[in-house]
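Colleague: Got a predicted structure plus its sequence, pasted below:
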Amino acid sequence: MPSVAMKDTAIAAPKRRSRTSGIDRILQILDFLQAAEKPTTAYEIAHGIGAPLSTIYTIVEDLVGKNLLIRQNDGALWLGPRLYYYGLTYSRRLDLLGVANAEMHELAQKSGETVQICGRDNDMMVVLAMEEGRDHFQVTSRVGTRTPLNWTASGRLLVGHLAENEQVEIFRRCAKNSPTGRAEVDPVTLSQKAARALSDRLSIQAGESDFSVACIASPVCNPDGECLATISIVVPDIKVNQNEPDLIKLVKDSAKRIESRLGWA
């Protein structure tokens, strides 16, 4: 009987399951709550981050016990006071934010308008500090508000120092239609506007994120030219080009003074 040659068969090694570490799960929970901006149930968190509900329950109980999360009467979870204390300590060590806060107060007094200090958190612009002016004009955004970079004058400045390909990739990933439908969403156009705004040390948007609301922003750059923050005035759009006071000059001068006080200019 002729022998039959046996073909070698490649046996695929079983795929190793990728495990998410405990610290990664904690960060996912905190990031989810930050993005939600409201108390959320453990079930919603588990569903939102794609984690087993039993795992989330175990971690959440530990975080509540350590005051990193709080549980409200209805069972919903929210960021705990311990995180707030960490934030206070962190902010006290930030020379940039301390100097910018002082300048923010001066600018609000001079302009009579609402002034904001903004920074970048990955694909979002975040309001780091804010002071309301004497005017009764109400601003919807508050400290901690996160907004897509393409909606705001500050958002463009915060990526204006990056290489063109990096800017395009960021805007391709994060650009979204705004509630007014007027925000630019084309990545190439946004990249060009971001670079031009940083070069001019001025970015203005009117009616792109909110109807009849305008923002006049100027960058705060370190000695390497990186825009680490912005200072901006938020006003009704009819005030953008007013001469008395000249809001554009005021905000640009404020940004320069922040850099000077930090020894960057």
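Modeller: Cool, the structure landed.

Colleague: what are the ranges of the strands in the stretch 51-200 of the chain?
Modeller: Secondary structure of the stretch 51-200 of the chain (DSSP state E, counting those that start in this stretch): strands located at 69-71, 77-79, 114-121, 124-131, 146-148.

Colleague: got those strands as a markdown table, with mean neighbour count columns?
Modeller: For glycine as for every other residue, the C-beta is placed from the backbone atoms N, C-alpha and C. Below are those laid out as a markdown table (neighbours: other C-beta atoms under 10 Å):
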| stretch | mean neighbour count |
| --- | --- |
| strand 69-71 | 19 |
| strand 77-79 | 17 |
| strand 114-121 | 23 |
| strand 124-131 | 21 |
| strand 146-148 | 18 |
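
Colleague: export these to JSON lines and tack on distance to A194 and mean pLDDT?
Modeller: Listed next are these as JSON lines, based on distance: least, C-beta to C-beta, whole Å; pLDDT from 0 to 100:
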{"stretch": "strand 69-71", "distance to A194": "37", "mean pLDDT": "96"}
{"stretch": "strand 77-79", "distance to A194": "31", "mean pLDDT": "96"}
{"stretch": "strand 114-121", "distance to A194": "12", "mean pLDDT": "94"}
{"stretch": "strand 124-131", "distance to A194": "12", "mean pLDDT": "93"}
{"stretch": "strand 146-148", "distance to A194": "13", "mean pLDDT": "92"}
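
Colleague: Of all the ones you listed, which one comes closest to A51?
Modeller: The minimum distance between A51 and those falls on strand 77-79, with 13.9 Å, by C-beta to C-beta.

Colleague: roughly how far is the closest one from the heart of the chain?
Modeller: 20 Å (C-alpha atoms, centre = their mean, to the nearest Å).

Colleague: okay if I get the strands of the stretch 51-200 of the chain as TSV plus distance to W264?
Modeller: Formatted as TSV, the strands of the stretch 51-200 of the chain follow (distance: least, C-beta to C-beta, whole Å):
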stretch	distance to W264
strand 69-71	38
strand 77-79	33
strand 114-121	15
strand 124-131	17
strand 146-148	26
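
Colleague: Could you list the low-confidence segments of the protein?
Modeller: For the chain, applying pLDDT under 70 flags the ranges 1-20, 91-94, 135-140.

Colleague: In the lengthiest helix in it, which residues are buried?
Modeller: Longest helix of the chain, by residue count under DSSP state H: helix 95-111. Neighbour-count burial for helix 95-111, with 16 or more other C-beta atoms under 10 Å as criterion, is recorded at L96, L97, V99, A100, N101, E103, M104, L107, A108, K110, S111.

Colleague: Could you point out which of the strands of the stretch 51-200 of the chain sits nearest T40?
Modeller: Closest among the strands of the stretch 51-200 of the chain, using C-beta to C-beta: strand 77-79, at 6.0 Å.

Colleague: and that closest one, what other elements does it pack with?
Modeller: Under the contact criterion of 3 or more C-beta pairs under 8 Å, 6 or more residues apart in numbering; DSSP states H and E, strand 77-79 touches helix 22-36, strand 69-71.

Colleague: Could you list every helix and strand that the last one packs against?
Modeller: The one in question is strand 69-71. Counting contacts by 3+ C-beta pairs under 8 Å, 6+ apart, strand 69-71 is packed against helix 53-65, strand 77-79.

Colleague: follow-up on the earlier one: output the helices and strands packed on strand 77-79 in a markdown table; the columns should cover distance to S209.
Modeller: Shown next, in a markdown table, are these (distance: least, C-beta to C-beta, whole Å):
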| stretch | distance to S209 |
| --- | --- |
| helix 22-36 | 18 |
| strand 69-71 | 31 |
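
Colleague: what's the most buried one of these?
Modeller: strand 69-71 (a mean of 19; mean count of other C-beta atoms under 10 Å).
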